[in-house]
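Q: Give me a model of this one.
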Amino acid sequence: MLLVTCQNGDMVHVFKCGAPVLDFVGTLRARRNAVPTEMLTSPESLEAWFRESGLVDGDTPCKPSDVERAIALREAVYLLLVATLAGDDYDAAALELVNGTARTPSAVPQLTREGRRVDATPQQALSSIAREAVRLLGGPEAALLKECSRPECTQVYLDRSHGGRREWCAMDPCGNRIKAAAYRARKRTEARGASPARAASPSRSRR
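A: Residues are numbered from 1 along each chain as shown. Below you'll find the model as predicted:
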C-alpha cells in the first residue's frame, strides 16, 4: 500500500513498507546513490512523520537535537535490518542504541470523550519506533523482510504476498520502472535478433 501525505500542497512522507518502523528507515531514500535523499531535514519534517505515520494524533514539537537522535536511531535500525537480511551478527553499537531507546518511556494511548488519542514527546515517539523494531526483528515477521529489487531504491519492506512473490516495495514507482526497463530490454534484444535475419535473407534469383 502506498500512502502519500501532503502538507501545504507538497508531498512529505510515504508509507508503503508494511510497518511504520520500515517506513521510518525509508526516510533516507536511495541509500546507495552518491547523494541519498534525506527526508528528515528539519524539526518540522520529523514532526510531520510522527503525525502522518499515525504514531501520534497531535503535534509533537521537535528540536534539531531530536532530529539528530531520530536519524541516529534510524541508521541503527537499518544496520540491524541489513544484518537480518544477510544472516549476519548484529552491530553491537546499533543493537545497544535500539535497545536503549526501547527501554525509555514510549507513547501511551489515552481514552478521551472523543475516543482514543496518543500524544507524545519526541523521546516517547522514538521509543515507540524502537520498540516496533524490537517486535519486528525479534518476531516471525522478520522472515518476511525483503529489500526492493530496484537497485536504486534500497527500501526494506514486509512481503506478505501469497507465496512471497512480491519483488518491490511498491508498484509506483519501483514496480513500474522495473517493468518498463524489462520491456525496453526485450525490445532491444528483439531488434538485435531481427537485424541479422534481414541481412541474411536470400536475394531473388535472376531469371
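
Q: For the most centrally placed residue in the chain, which non-adjacent residue is spatially closest?
A: Among the residues of the chain, G26 comes closest to the average C-alpha position under Cα atoms, centre = their mean, at 3.4 Å. Closest residue to G26 apart from its sequence neighbours, by Cβ to Cβ, 6 or more residues apart in numbering: Q155 at 4.9 Å. Any C-beta I mention is one placed from the backbone N, CA and C, and that applies to glycine too.

Q: coming back round to it: would you confirm that the residue nearest to the centre of the chain contacts V14?
A: Yes. With contact defined as Cβ atoms under 8 Å, G26 and V14 form a contacting pair (7.3 Å).

Q: Any stretches of this structure with poor pLDDT?
A: In the predicted model, the chain carries pLDDT under 70 at residues 1-11, 170-173, 175-191, 194-207.

Q: Just the strands from it, written as ranges.
A: Using DSSP state E, the strands of the chain run over 3-7, 10-15, 28-29, 37-38, 108-112, 115-119, 145-147, 156-158.

Q: Turn the ones you listed into a markdown table, including distance to W168 and mean neighbour count.
A: Output for these, formatted as a markdown table (distance: least, Cβ to Cβ, whole Å; neighbours: other Cβ atoms under 10 Å):
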| stretch | distance to W168 | mean neighbour count |
| --- | --- | --- |
| strand 3-7 | 16 | 13 |
| strand 10-15 | 13 | 16 |
| strand 28-29 | 14 | 16 |
| strand 37-38 | 17 | 11 |
| strand 108-112 | 33 | 9 |
| strand 115-119 | 31 | 12 |
| strand 145-147 | 9 | 18 |
| strand 156-158 | 8 | 22 |
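
Q: With distance to P64 as extra columns, can I get those in CSV?
A: Output for the strands of the chain, formatted as CSV (distance: least, Cβ to Cβ, whole Å):
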stretch, distance to P64
strand 3-7, 19
strand 10-15, 18
strand 28-29, 17
strand 37-38, 14
strand 108-112, 26
strand 115-119, 22
strand 145-147, 30
strand 156-158, 27
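
Q: Okay, the closest residue to L81 other than its chain neighbours and T60: tell me how far apart.
A: Nearest residue to L81 in three dimensions, chain neighbours excluded: V156, at 5.1 Å (Cβ to Cβ, 6+ apart). Separation of V156 from T60 (Cβ to Cβ, to the nearest Å): 25 Å.

Q: Over to T41?
A: From T41 across to T60, the span is 17 Å (Cβ to Cβ).
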